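*Asks:* The following block contains a protein sequence and its predicted model.
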Amino acid sequence: MTKMLIGGEPVDSISGDEYEVRNPATGEAVGRVPRGTAADVEQAVQAAERAFGEWAQTTPEDRGRMLMSAYELIREKSSEIAHLLTQEQGKTVFEANLEIHHLLHGLEFYAGLASKVRGAYVPLPQKDAYGMVIRQPIGVCGGIVPWNFPLTLMGTKLGPALAAGNTIIIKPATTTPLATLLCIEQIQRATYADGKQTLPNGAVNVVTGPGTTVGEALIQHPRVRRIAFTGSTEIGRHVMEVAGREIKRVTLELGGSDPMIVMDDANVDQALRMADVGRFFNCGQMCLGVKRLFLHESIADDFVERLADQLRKKAVGNGLKRESRMGPLHLDFQRHEVEEQVEDARSRGAKIIVGGERPSGGEYDQGHFYLPTLLTNVPPDARIVQEECFGPALPVFRFSDLNEAIELANNTIYGLGASIWTSNLIQSNKAIERLQAGNVWVNSLHYGYDELPFGGVKASGIGREHGPEALDYYLEPKGVVVVNI
């Protein structure tokens, strides 16, 4: 059994309970982990508090060296980690390797930023006085991570937290803890101070178990001063409500229904490739996935036909197989949800161009597989439009001009990402200004670069991860007045 990590030591849960992690492609057990409780969270908080004093006093340069050491150790294990990630999550090995690459790039990015934190000198109207703004680490942080990108989304919390001098408790998704624990094992071995010291015991902790117990204990704990949560909007509302009682610092990266607008002057070949990747990468289980495709009426028929041809050729199968281009959905519940959304659209008059069903026979009967699905004539009140569709189904809409496209794109409670595909700078700038989203791409795949702030508006969340801006959410500004006497 793979153990949790608390205070630098692999541990069982205090209760002794454990549970199995299963492969969504086969249903087979991949491993076992402890089923943590509030008591385990309490031990992790105590360990993180003890480590905070030492880690906060570590020089920013040494924090950066530690993160780069972790980078190298994870990179050396990347093949093993990718294989394990595919087994527990379902994504293809190719996709798992890309996720690890993103994690590593993030660690490298925050390693470089660790020594770049700046304050300010402020002239004051009082004679012989001046002000300063200094920025200090918050303390013990909690990172609650989902199952769709467990490593990348762990890194977006751990990297800036450690770079800023905080300690952290990671709560991985119940169904994807194994690759996370293997990564944290490497981070625990990382060295700094010219290789003479390792990360203080308790600087990084991992408590496995259900969100209803472990996650709830983290967001309720009065000495966990910062919560970074990625997940559904529904649960995000709960996190914000509970954490607010303790006046915690909170960032929420929640659901999305990202529109992709393709104008009549777009590079259609490029847009076709990116519509495929943007919707069906990771079996469509992406907060930044293209959830609604808007096509100019002059190119719509040809675009849909060509995209449907691509999807019919997409090899669906076990992510461990080299030929697979799309794995299963992670949870059977998630597959049922997508099926219900597609069926609701069909019952309201939508046309299924391709997919719309489970593949059957052989390995398909063992896993949570669903064919890539393309829908047209979808009414605006269909569930697949009004809700976030977290799976491989894409509704397509037509429009006559950019104003109509932007109005349709903004007609959602969500506002995470959006893209426009055009060769016209006036049109792209208009979309950049008017699309209600935290991130907008022009002629580019929906991708969260570490160098840029990432987060949503409306029901897609508050706060930002990625970029230098992420450090702001792990540092407290302190105003200081100095009087010369």
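*Replies:* It's in.
*Asks:* Which residues are in contact with the residue sitting nearest the centre point of the chain?
*Replies:* Centroid-nearest residue in the chain, with Cα atoms, centre = their mean: L153, separated by 4.1 Å. Contacts for L153 were tallied using Cβ atoms under 8 Å, 6 or more residues apart in numbering; they are 145-146, 230, 253. Where C-beta positions appear, they are placed from N, C-alpha and C, glycine not excepted.
*Asks:* With secondary structure and neighbour count added, can I get these in CSV?
*Replies:* Listed next are the contacts of L153 as CSV, based on DSSP: H, G, I helix; E, B strand; the rest coil; neighbours: other Cβ atoms under 10 Å:
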residue, secondary structure, neighbour count
V145, coil, 28
P146, coil, 22
T230, strand, 26
E253, strand, 29
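*Asks:* Out of those residues, which comes closest to S360?
*Replies:* P146 (29.0 Å; Cβ to Cβ).
*Asks:* that older thread, quick one: secondary structure of the residue nearest to the centre of the chain?
*Replies:* helix (DSSP: H, G, I helix; E, B strand; the rest coil).
*Asks:* The one 4 residues further on too?
*Replies:* Under three-state DSSP, K157 falls in the helix class.
*Asks:* correct me, but it touches K171?
*Replies:* No - K157 lies out of contact with K171 (Cβ atoms under 8 Å); the separation is 10.2 Å.
*Asks:* Leaving out sequence neighbours, find the closest residue to M274.
*Replies:* L445 (4.8 Å; Cβ to Cβ, 6 or more residues apart in numbering).
*Asks:* Okay, that neighbour and N429: tell me how far apart.
*Replies:* To N429, L445 is 20 Å away according to Cβ to Cβ, to the nearest Å.
*Asks:* Please apply the same query to A25.
*Replies:* In this view, A25 and N429 are 44 Å apart by Cβ to Cβ.
*Asks:* Those two: which is more packed in?
*Replies:* Legend: neighbour count by other Cβ atoms under 10 Å for A25 and N429, higher for A25 (27 against 12).
*Asks:* buried ones in stretch 223-235?
*Replies:* Buried positions in stretch 223-235, judged by neighbour count with 16 or more other Cβ atoms under 10 Å: 224-231, 233, 235.
*Asks:* can I get these in a markdown table with secondary structure and distance to V483?
*Replies:* Formatted as a markdown table, the buried residues of stretch 223-235 follow (DSSP: H, G, I helix; E, B strand; the rest coil; distance: Cβ to Cβ, whole Å):
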| residue | secondary structure | distance to V483 |
| --- | --- | --- |
| V224 | coil | 36 |
| R225 | coil | 30 |
| R226 | strand | 32 |
| I227 | strand | 38 |
| A228 | strand | 38 |
| F229 | strand | 42 |
| T230 | strand | 45 |
| G231 | coil | 48 |
| T233 | helix | 49 |
| I235 | helix | 49 |
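*Asks:* any common contacting residues for K157 and K171?
*Replies:* 143, 145.
*Asks:* neighbours around T26, how many?
*Replies:* Around T26 sit 16 other residues, with neighbours defined as other Cβ under 10 Å.
*Asks:* typed the wrong thing, it's V122
*Replies:* 12.
*Asks:* That one contacts I134, doesn't it?
*Replies:* No - using Cβ under 8 Å as the test, V122 is too far from I134 to be in contact (11.2 Å).
*Asks:* What ranges in the stretch 1-150 of the chain fall below the confidence cut-off?
*Replies:* The model of the stretch 1-150 of the chain has no residue with pLDDT under 70.
*Asks:* all helices of it, in order?
*Replies:* Residue ranges of the helices in the stretch 1-150 of the chain, as given by DSSP state H, counting those that start in this stretch, are 38-57, 60-76, 78-89, 93-113, 150-163.
*Asks:* The stretch 201-350 of the chain: helices as residue ranges?
*Replies:* With DSSP H, counting those that start in this stretch, the ranges of helices along the stretch 201-350 of the chain come out as 216-220, 233-245, 268-280, 300-312, 332-347.
*Asks:* Now T213. Nearest residue, chain neighbours left out?
*Replies:* Excluding its sequence neighbours, the residue lying closest to T213 (Cβ to Cβ, 6+ apart) is T37, at 5.4 Å.
*Asks:* what's the answer for N282, then?
*Replies:* In space, N282 is closest to K91, 5.2 Å off (Cβ to Cβ, 6+ apart).
*Asks:* Next: R118.
*Replies:* R135 (7.8 Å).
*Asks:* how close does that neighbour sit to P60?
*Replies:* In terms of Cβ to Cβ, R135 sits 11 Å off from P60.
*Asks:* One more: E404?
*Replies:* 50 Å.
*Asks:* Next: T230.
*Replies:* In this view, T230 and P60 are 26 Å apart by Cβ to Cβ.
*Asks:* What of K3?
*Replies:* Computed as Cβ to Cβ, the K3 to P60 distance reads 32 Å.
*Asks:* Show me this protein divided up by domain.
*Replies:* Under the assignment automatic domain parsing, the domains of the chain span 4-254+461-483, 258-448.
*Asks:* and M1, what does it touch?
*Replies:* 12, 18, 31-34.
*Asks:* Between which two of those residues is the distance greatest?
*Replies:* Of all the pairs that the contacts of M1 form, the one spanning the most space (Cβ to Cβ) is D12 and G31, at 14.0 Å.
*Asks:* got the phi/psi numbers for H330?
*Replies:* Main-chain torsions, H330, degrees, to the nearest 10: phi -70, psi -40.
*Asks:* Measure how buried it is and give me the count.
*Replies:* 26.
*Asks:* same question, L475
*Replies:* Residues lying near L475 (other Cβ under 10 Å) number 20.
*Asks:* Got the confidence number for it?
*Replies:* Note on L475: pLDDT of 98.
*Asks:* Mind pulling up the pLDDT for the nearest residue to T251 once chain neighbours are set aside?
*Replies:* Closest residue to T251 apart from its sequence neighbours, by Cβ to Cβ, 6+ apart: G463 at 3.0 Å. pLDDT recorded at G463 is 97.
*Asks:* And for G211?
*Replies:* 97.
*Asks:* Thought T174 was touching it, still the case?
*Replies:* Yes - the pair G211 / T174 is scored as a contact, 7.0 Å apart, by Cβ under 8 Å.
*Asks:* before we move on, back to that, tell me which of the helices of the stretch 1-150 of the chain is the most buried.
*Replies:* Neighbour counts (mean count of other Cβ atoms under 10 Å) averaged over each of the helices of the stretch 1-150 of the chain peak at helix 150-163, with a mean of 28.
*Asks:* how much does that helix deviate in direction from helix 93-113?
*Replies:* Helix 150-163 runs at 10 degrees relative to helix 93-113, counting by axes from the mean of the first three to the mean of the last three Cα atoms, to 10 degrees.
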